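[1] Attaching a predicted model along with its sequence, questions to come.
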Amino acid sequence: MKPTLALTHLNRREPIVYFGCTWTEIKACIWRGAAIALPITLGLIAVSSLPVLMVVPGLFVWLVATRMFLNHINHNRAGKPLYYERHKKAARHPAFIRAGTVHQCSRHPAKPSSRVARPS
């Protein structure tokens, strides 16, 4: 899901299709849901006396987890451009360069404090 084009090009090339998400986001949510449902299903199969019947709850968990991921993306988008959440997360990262005292020098140097003992 890493964007390789500008956001305006992504909007033109990958439209929002279903559930307020693009096909790439839908496929990613399906795989994330499977990653959650598979260990749960395997655990239920290992514990149950009828292992074949535990596939049904596993499929249900997969569908619910996928739908929860899709709803999360759709809710957070709310009219924002594609990959807004990813860009917002990158902007909050400590490695992102921001304007401030670390990256800009002040025009007026700090005045010495009166509390500092001066040599006589």
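    Happy to help now that I have it.
[2] Now do the helices in the protein.
    7-13, 23-47, 55-77, 84-92 (DSSP state H).
[3] relative orientation of the second one and helix 55-77 in degrees?
    Computed with axes from the mean of the first three to the mean of the last three Cα atoms, to 10 degrees, the direction of helix 23-47 lies at 150 degrees from that of helix 55-77.
[4] going forward, begin numbering at 31 instead of 1
    Okay, residue one is now 31; in that scheme the one you just asked about reads as helix 53-77.
[5] So which residues make contact with helix 53-77?
    With contacts defined as Cβ atoms under 8 Å, 6 or more residues apart in numbering, helix 53-77 is touched by 31, 44, 47-49, 51, 81, 84-85, 87-89, 91-96, 98-100, 103. C-betas here are computed from N, CA, C, even on glycine.
[6] sorry, back to before: put together TSV for the helices of the chain, with mean pLDDT and mean neighbour count on each row.
    Shown next, in TSV, are the helices of the chain (pLDDT from 0 to 100; neighbours: other Cβ atoms under 10 Å):
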stretch	mean pLDDT	mean neighbour count
helix 37-43	55	12
helix 53-77	91	15
helix 85-107	88	15
helix 114-122	76	12
